[in-house]
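In: The amino acid sequence is not available; the structure is as follows:
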């Protein structure tokens, strides 16, 4: 499995995943120019994308979706798209096959209609994609264990969030069960999820104002770093920055 994290964060989100000759995309909150840059690492072009999967309807995940209308299948929750937009509705727990991929959607906990996160399987690997969720629902935790690759939200540092200039209602929304995962909560989840097959961990949706990549990474390493094998790669991703994962690393 080849993974290109084109960008992760409030300034825009998109991830490209390839298995064999099939490329699927998760979220489209970027320009086509940025997507083309990501595809260049796969020696591919936009017409090579087989399907688009959307987590939820916030603009940092969807603003570029109209560029794909009528071109490729778009899969998302039943209330994510506007009436009349072309898409195929996903049901949590019901998988979809695209080429060699099996894509399993599961419900997230975010202030958006029918938000989803995803698990991608091919013949060799398991990729867990968790972002924009205030908690991981307990019933989903067994599904997320022992993945090969993780993209896991680590959005904010609690002290930085409440010391920021943001209005209190926004701080409370971010820290709520319908908001985002803090560094501390993200680290607790991953501590219990990673397993012997885990090779790479990417911490995503890191806030520019209420977090730093250093704080995100430090929180995770303090919580479970000593249990990671020497060959496990872990990093916190800066916003609007491209990262390579999977077999591309």
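Out: Yes, it's here. On a predicted model such as this, the values are computed, not experimentally measured, just so you know.

In: And the strands in the protein, which stretches?
Out: 2-7, 14-19, 22-26, 49-53, 74-76, 88-89, 96-98, 101-107, 116-121, 126-130, 149-153, 200-204, 233-236, 243-246 (DSSP state E).

In: Name every strand pairing with the fifth one and say which way it goes.
Out: Just to be clear, that refers to strand 74-76. The pairing partners recorded for strand 74-76 under DSSP bridges are strand 49-53 (parallel), strand 88-89 (parallel).

In: To residue 162, which of the strands of the chain lies closest?
Out: strand 149-153 (18.6 Å; CB to CB). Heads up, the C-betas are built off the backbone N, CA and C, glycines and all.

In: Could you list every helix and strand in contact with that closest one?
Out: Contacts defined by 3 or more CB pairs under 8 Å, 6 or more residues apart in numbering; DSSP states H and E place strand 149-153 against strand 126-130, helix 183-193, strand 200-204, strand 243-246.

In: Distance from the chain centre to it, please.
Out: 6 Å (CA atoms, centre = their mean, to the nearest Å).

In: how about the helices and strands packed on strand 149-153 in a markdown table, adding distance to residue 38?
Out: Below are the helices and strands packed on strand 149-153 laid out as a markdown table (distance: least, CB to CB, whole Å):
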| stretch | distance to residue 38 |
| --- | --- |
| strand 126-130 | 15 |
| helix 183-193 | 24 |
| strand 200-204 | 14 |
| strand 243-246 | 9 |
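
In: With mean neighbour count and distance to residue 223 as extra columns, can I get those in a markdown table?
Out: Listed next are these as a markdown table, based on neighbours: other CB atoms under 10 Å; distance: least, CB to CB, whole Å:
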| stretch | mean neighbour count | distance to residue 223 |
| --- | --- | --- |
| strand 126-130 | 25 | 16 |
| helix 183-193 | 20 | 4 |
| strand 200-204 | 25 | 12 |
| strand 243-246 | 20 | 21 |
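
In: Mean pLDDT added to those, as TSV?
Out: Output for the helices and strands packed on strand 149-153, formatted as TSV (pLDDT from 0 to 100):
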stretch	mean pLDDT
strand 126-130	98
helix 183-193	98
strand 200-204	98
strand 243-246	98
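
In: Nearest to residue 69 among these would be which one?
Out: Across those, closest to residue 69 is strand 126-130 (CB to CB), at 23.0 Å.

In: Run me through the strand neighbours of that closest one, direction for each.
Out: strand 116-121 (antiparallel), strand 149-153 (parallel).

In: Give me the angle between that strand and strand 22-26.
Out: 20 degrees (axes from the mean of the first three to the mean of the last three CA atoms, to 10 degrees).

In: what angle do strand 126-130 and strand 101-107 make?
Out: 30 degrees.

In: follow-up on the earlier one: any chance of the strands of the chain in a markdown table, plus distance to residue 37?
Out: Shown next, in a markdown table, are the strands of the chain (distance: least, CB to CB, whole Å):
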| stretch | distance to residue 37 |
| --- | --- |
| strand 2-7 | 7 |
| strand 14-19 | 10 |
| strand 22-26 | 13 |
| strand 49-53 | 14 |
| strand 74-76 | 21 |
| strand 88-89 | 27 |
| strand 96-98 | 23 |
| strand 101-107 | 23 |
| strand 116-121 | 22 |
| strand 126-130 | 20 |
| strand 149-153 | 19 |
| strand 200-204 | 18 |
| strand 233-236 | 19 |
| strand 243-246 | 12 |
